[in-house]
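**Student:** got a predicted model here, sequence first, then my questions.
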Amino acid sequence: MMRPSLIGAVVPRVEDDRLLDGQGSYIADLKRPDMLEAVVVRSQVAHGILGEIEVDEARRVEGVVDVFTAKDLVDVSPFPDFHAAEFVKPVKIFPLAKDRVRFVGTPIAVVVAGNRYQGEDGADAVFADIDALSAVTSVEEALAPEAELLYPDWPDNRLTGFAPSSAEVDAAFEKHRVISGRYGFQRHGGVPMETRGVAAEFTDGRLTVWSSTQFAHIARDMLSYTLGLPLSAIRVIVPDIGGGFGMKAQFYPEETLIPWLAMKLGRPVRWIEDRRENLVSAVHARDAYADIEAAVHADGRIEALRGTVYQDAGSGEAVPAGFSPAFVTAAALGGPYKIPFAAVGVTSVVTNKTPSGAYRGFGTPEAAFVMERLIDKVAAELGVDRLDVRRRNLLEQADLPYTNSVGSYIDSGSHTLAFERMVELATAKVAERRQQFADDSNIRVGTAPTNYVEGGTPSYFPTTGQWASNDSASLRMNPDGTIVISVAVQAMGQGLASMLSTLAAESLGVAVEDCLVVMGDTDTTPYGLGSWGSRGTNVSSGALEKAVAVIRDKGSLIAGHLLEASPEDLEVVPGGFQVVGSPDSFVSWKDVATTANIHVMNLPDGVEPGLEAIGFYDPPGIDHVPDAEGKMNACAAYTNASQAAVVKVDVKTGHVQLLDYLIVHDCGTVINPLIVEGQISGGIAQGIGGALFEEFHYDEFGNPQSTSFLDYHLPSATEVPAIHIELIETPSPTLPWGAKGVGEAGIVGPAPAIAAAVEDALAEFGIAQITSTPISPPVVLGLLQDAAKRS
Amino acid sequence: MKPPSFLYARPDTLEGALAILDEHGDDAKILAGGQSLIPLLNFRLARPRVLVDIALIDQIQTIGDNNGTLSIGAGVSQGDAEQSADVRRAAPLVAESIGYIGHLQNRNSGTVGGSVAHADPAAELPAVLTTLQATMVLRSSGAERMVPADEFFVGPFTTALGSGEMLYEIRIPKKPAARSHIIELSLRSGDFALAGVAGQLTMTGDVVGDVDLVAFGVDAVPLRLTEAEAAIRGREPSPAVLEDAAALAASAVDPSFGDVHADGAFRATVVGEYTHRVLLEVTR
Amino acid sequence: MRAIQDPTAETPLQATVNGASVEATVESRMLLADFLREDLGLTGTHLGCEHGVCGACTVLVDGAPVRSCIMFASQIDGRDVVTVEGLSEGEGLTDLQQAFKDNHGLQCGFCTPGFLMTISGVEPSDYPDDDSIREMLSGNICRCTGYGGIVDAVKQVWGRAQ
């Protein structure tokens, strides 16, 4: 009896029961015997020379065990900087600031106490002498000729950048009409519900570190560099993670500091970040804008792009470095469009703000906003319908595979199909909603389909200067036929354990419940790079596929021997093997595995004991460095989506509310629709947050103003509307199972979709174009008031 | 974010609470629902030496409807006040406004008196009580003081409560013939208001009799829109009259009162618009 | 709940937590969430913000959902507390938990206990439609799901048409 395929089936998640029961085990739930609690003292000055730090009074506070500053960390090395100095200026990060602070939130001391309450009492009594310098708080200020330098040995505040030139681009701009704009995003970031946390203990010469991190092996590598211990002496364990979103795909000063404390004090030490710390010292993102020009034909076809992405990278003190999203933005502008030529560069600067780093989407949301806004401007200035401009530029099936102007290789997709379907859906939905609000003269309703392409499974080399793209998976079948899968990708809510169990079950005919997935422990998982860049499914399933093949082949040899049949005559069925078409001739995986591990005398000649394999996988088709022309294909797969937000605008207050959000999404083969739709929905909610609500504000002295959830506004169930998802499956021709990755789905679309929808709603008022986010009531009302003055 | 140390008391009589306030003066703070106070302690922005938990003081946990006055004890939870049939009948504006306060979890713990005594410029209840011309009853050891709402809110997070005094009760004159409404603009549901307007109006025949209009979120304290009130008092509520009042309301707002979320000019515009909408609703 | 007339740095408390009697003396400043997590080992209640906004710390006190991060342990004297661990009483998933699982109403699980407690502590008839359900949920923040699965879970367990 054949079981229906699990691929595409709604399979309830294996992760859920214990989480629903409150049995999740997050870093803040960890208890080790005799554990101490650390509280990090942070600079309250954005830019200054760090002088004396008084700790004696703090040491005397009840419950405080000790207080440390940078001068105590004598055996700690600064974080290695893998990028060549010519490409990116070197930034030396030390777990506690040594002589200079460059953002409010910089760690300057650490108090160790019996519990967090006492630790904060101690932190209250630490006094640091900081000679304030002028704070640089914007890209303009950073680039100004007499700007205060964050790094005095640099010639200016540029962290990195490039300025490409192209004869074809120049020619296009000579020949065609030019339409330009400046478009950008505000500073915001991942802000998961769980903050960061690190615990460590040092026993019998071995350091064990628990950290809420997306990449255990990379964290271990960094610990080895900074603490000078061999990798074999370090174990990194990742507990349950309460959301990562890229914010936890960084290696932070605290991750070296806490282990150092454990070694120094000979006791387990833990640090749990509080929310105020999280909002000022965990990486920020998206603080970028682009000056962009398009050379356009009269019908709206875009011949070339030219421009620069400017990024505010904060203090630059992040590992992996935070400039990479700006490079992705420059490269991702083409989206689903056929734009033959492009020369878009990057200028990334340092400022006295929290360091920038990774956040879901990693530069693609910025690119989609810039491109979709520019296209809408092209449409408006040429007098061409905005849908038609897109149609004239969109990739069609006949164009694929397509290598775009920067070298991205889009081998498959449904760009035009998804777009036309979205036009259909959006047109119907907005008509329904306009009818609903027809009698309210203060309300206007609008929508406007937009598109994006999202690259997934990228090379890590441009970002890190060190790691590439590989990963691994091992699979062991126990003597009773149950399975242990061990992977280096990391769960943080995206259902990797369910996905891997499903794939193993599908391939081997075992039950999903009989699969155990082990991750997040460098002692028990093979080397790999962790979860980020929508790679989790691809790389782990790619590696798993290889291990599964070994097990299945070896299993069929053993099964054939037990059944006295040829392995070629066998098929995998639920629970084991049978001779094709002959259910009576069945042998279970349990029998096969027992033979392999225990009754090895019954193995066929030439077959070794054991039923265990490891697979290594490197995603195909990825470049790690640009070619001589500066082009590279950095991603193994490109998903595409078309979306529309149906918005309701109160024209008297500028208040924008979302009535519906529609998306047609193609991420290739859908393994579990529940999980895929969940990733898309969650990403959309974050995109809505960035488009309308979230911002890290700073004053002119570099003081952060968004230091609590009273000022940093996350969308709730009343701000996120019902999300209607349609899935198209255009399988990847090169990736395992044809799945392209969906971890960063959804988040790319809302900002351009909402901006365009608001303009559609307010079309009769002739407002100027929305060029930045968040699209707040004062912004919208200002546009309406300015339009009224003009007319 | 853990609070600093403090001494905790939970007296079961009003006199007991007042005695502690007398003894410790400004070092002591009342702990009611804690929804505003405890976050301040967790941020270590407030460091009271003594907290006086009023949960056991029965006298301030009651709602009474006496003749022409609705009395709400300072310790009544916001949730209870919102659900109370007496409040809904006698002061519907109070019940309507409570739905805007935070979220249901906050309203289960937070008290009417707590919100009033906290006096956040963006809060609803101070504005509503000003609109309704409520009187705050303040108690100290051996004394009682009545302070009208118009005089109770003296600055941001600052009230007329003196050392050794606690808010005991809020008394609201009943106006059975009045219509009332509140509208606020917040970025998300439950957020503090960027701007809001509360209003109460009684018609006398075809013309406006009594009218109270108060804006909040736009000044240090609830802002009574006196010019707007004067412009419609005694007049028929025609469209032109209402628009005129709305324009006066907008110009009453200080355009320099703003923050990163919204500038003062924006808030003034919203006040004008919401005054118009409140008036449309209460004269419908 | 017992009176304490003399201000004290250590408060005695006697309460019922998940049906069991609990007796302790705590530092007056100890937050309820920390008492539950550290002293009672009930780590299912999570801390996401410690200033009463995100809802991850929601528990039931005398049947009402409250924010345990802005409540002191002292304040539960004489009262009844239920945390997420007290929902299923060890007999498999409750209908509400099963509905979350069926509808993919959780991903990382960090906010989930808070949502479960809020939903467990409200009266369904007070929330007759999707808009009011979303309003009810708006005091709990989720960063993973986009809320659709959570709304569907509530409708399933309350017997509403999807």
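**Tutor:** Received the coordinates, thanks. Residues are numbered from 1 along each chain as shown, chains lettered A, B, ... in the order given.

**Student:** contact partners for the residue of chain C found nearest chain A?
**Tutor:** Relative to chain A, the nearest point of chain C is C:Gly44 (2.1 Å; Cβ to the nearest Cβ). Backbone N, C-alpha and C define where each C-beta goes, glycine included. Counting by Cβ atoms under 8 Å, 6 or more residues apart in numbering or on different chains, C:Gly44 touches A:21-24, C:83-85, C:113.

**Student:** nearest to chain B among those?
**Tutor:** C:Pro113 (13.4 Å).

**Student:** can you count the residues close to the closest one?
**Tutor:** By the measure other Cβ atoms under 10 Å in any protein chain shown, the count of residues near C:Pro113 is 30.

**Student:** hang on, it packs against C:Gly86?
**Tutor:** No. Judged on Cβ atoms under 8 Å, C:Pro113 makes no contact with C:Gly86 at a distance of 10.6 Å.

**Student:** let me know the secondary structure of the residue of chain C closest to chain A.
**Tutor:** coil (DSSP: H, G, I helix; E, B strand; the rest coil).

**Student:** now A:Tyr183
**Tutor:** strand.

**Student:** same thing with A:Ser472?
**Tutor:** A:Ser472 ends up strand, using three-state DSSP.

**Student:** residues contacting it?
**Tutor:** Contacts of A:Ser472 (Cβ under 8 Å, 6+ apart): A:487-488, A:526-528, A:543, A:614-617.

**Student:** ok, back up a step: please name the nearest non-neighbouring residue to the residue of chain C closest to chain A.
**Tutor:** A:Gly22 (2.1 Å; Cβ to Cβ, 6 or more residues apart in numbering or on different chains).

**Student:** repeat that for A:Trp271.
**Tutor:** Closest to A:Trp271 by Cβ to Cβ, 6+ apart is A:Ala38, at 4.2 Å.

**Student:** for chain A, what are the nearby residues on the stretch 151-284 of chain B?
**Tutor:** B:185, B:187-192, B:194, B:260-263, B:266, B:269-270, B:273 (Cβ under 8 Å from any Cβ of the partner chain).

**Student:** could you list which of those belong to helices?
**Tutor:** B:266, B:269-270, B:273 (DSSP state H).

**Student:** got the residues you listed as JSON lines, with pLDDT columns?
**Tutor:** Putting these into JSON lines (pLDDT from 0 to 100) gives the following:
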{"residue": "B:Phe266", "pLDDT": "97"}
{"residue": "B:Thr269", "pLDDT": "97"}
{"residue": "B:Val270", "pLDDT": "98"}
{"residue": "B:Glu273", "pLDDT": "98"}
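
**Student:** most neighbours among those residues, which one is it?
**Tutor:** B:Val270 (32 neighbours).

**Student:** neighbours of the residue nearest to that residue when sequence neighbours are not counted, how many?
**Tutor:** Nearest residue to B:Val270 in three dimensions, chain neighbours excluded: B:Ala195, at 4.1 Å (Cβ to Cβ, 6+ apart). For B:Ala195, the count of nearby residues is 28 (other Cβ under 10 Å).

**Student:** do the same with the one 3 residues further on
**Tutor:** Neighbourhood size, B:Ala198 [other Cβ under 10 Å]: 30.

**Student:** and what of the one 5 residues further on?
**Tutor:** Under the neighbour criterion other Cβ under 10 Å, B:Met203 is assigned a count of 17.

**Student:** ok, A:Arg32 - contacts?
**Tutor:** A:Arg32 is in contact with A:199, A:201, A:268, A:270, counting by Cβ under 8 Å, 6+ apart.

**Student:** in strands only, show me those residues.
**Tutor:** If you go by DSSP state E, the contacts of A:Arg32 have A:199, A:201, A:270 in strands.

**Student:** bridging residues for the second one?
**Tutor:** Translated: A:Glu201. Counting by DSSP bridges, A:Glu201 is bridged to A:Thr208.

**Student:** among the residues of the stretch 151-284 of chain B next to chain A, which lie within strands?
**Tutor:** Per DSSP E, these map to strands at B:Leu185.

**Student:** list buried members of the residues of the stretch 151-284 of chain B next to chain A by neighbour count.
**Tutor:** Listed as buried from those are B:185, B:187, B:189-192, B:194, B:261-262, B:266, B:269-270, B:273; burial here means 16 or more other Cβ atoms under 10 Å in any protein chain shown.

**Student:** and which of these is nearest chain C?
**Tutor:** Nearest to chain C among those is B:Ser189, at 4.9 Å by Cβ to the nearest Cβ.

**Student:** the closest one against A:Pro715, yeah?
**Tutor:** No. B:Ser189 is not in contact with A:Pro715 according to Cβ under 8 Å; the separation is 10.3 Å.

**Student:** and the pLDDT for C:Ser88?
**Tutor:** Reported pLDDT at C:Ser88 in the predicted model: 88.
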